[in-house]
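[1] Sequence first, then the predicted structure, then my questions.
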Amino acid sequence: MDRLLVAAVATTVVSVLAAVAGVLWLVCGQPGTGDGDLPELAVGTEEEFCAAFLNPFPLMEDMATGAADFADNQVEYADRMAAAGLPRDVDAEVRRGLTVYAEKNRSIPSGALDDDLSTLDDLPELSESEDAAYHAFDDWARATCGAPY
């Protein structure tokens, strides 16, 4: 009888923890799969997000002097969008898409793309679900803010 009670309590605890994790996933969005350096996606306004989205070359001056390269710029661009945040009511897939975008940009090796765009072929392919999330994000951002270029 005691074993049955312990098993029932353990099952209940696991079920509650799984439910809490599910609620957190829905509220916060799916966590990234990167190296942990990504800024947490903030909750912001469309205006704050669009200001970051419509400035795809935040390190243009540093790139011109050689103090930064394209990879540095892409990381900064994604970080600024993540820090500006997405509105609370944005679909979780859009939120995940920004995380996918940031992770993809972090995989660009420093110095890559400065002279030769063929290094893009060396980047990891997006999975089907990552690609769908990225497109959900990109479609939402362009519909909301316009095109950055």
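    Arrived safely.
[2] Can you pull the domain assignment for this structure?
    For the chain, automatic domain parsing gives the domain ranges 1-30, 33-145.
[3] Compare the mean pLDDT across those domains and name the weakest.
    Of all the domains of the chain, the minimum mean pLDDT falls on domain 1-30 (a mean of 42).
[4] What segments of the chain are helices?
    Counting by DSSP state H, the segments of the chain that form helices are 2-28, 46-53, 60-65, 70-84, 92-106, 128-145.
[5] Quick one: residues contacting residue 41.
    By C-beta atoms under 8 Å, 6 or more residues apart in numbering, the contact list for residue 41 reads 29, 82, 85-86, 95, 98-99. Glycine gets a C-beta too; all of them are placed from N, C-alpha and C.
[6] By neighbour count, which of those residues wins?
    Per-residue neighbour counts (other C-beta atoms under 10 Å) across the contacts of residue 41 peak at residue 98, which has 28 neighbours.
[7] one step back: could I get the contacts of residue 41 as JSON lines with distance to residue 137?
    What follows is these, written out as JSON lines (distance: C-beta to C-beta, whole Å):
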{"residue": "29", "distance to residue 137": "11"}
{"residue": "82", "distance to residue 137": "11"}
{"residue": "85", "distance to residue 137": "13"}
{"residue": "86", "distance to residue 137": "9"}
{"residue": "95", "distance to residue 137": "8"}
{"residue": "98", "distance to residue 137": "5"}
{"residue": "99", "distance to residue 137": "9"}
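[8] Widest-spaced pair of the residues you listed?
    The distance between the two most remote of the contacts of residue 41 (C-beta to C-beta) is 12.5 Å, for 85 and 99.
[9] just to revisit the earlier point, just the contacts of residue 41 now: which is nearest residue 43?
    residue 85 (5.1 Å).
[10] how close does the closest one sit to residue 125?
    Distance, residue 85 to residue 125, using C-beta to C-beta, to the nearest Å: 28 Å.
[11] Check residue 140 too.
    Between residue 140 and residue 125 the distance is 22 Å, computed by C-beta to C-beta.
[12] I appreciate the help and will end here.
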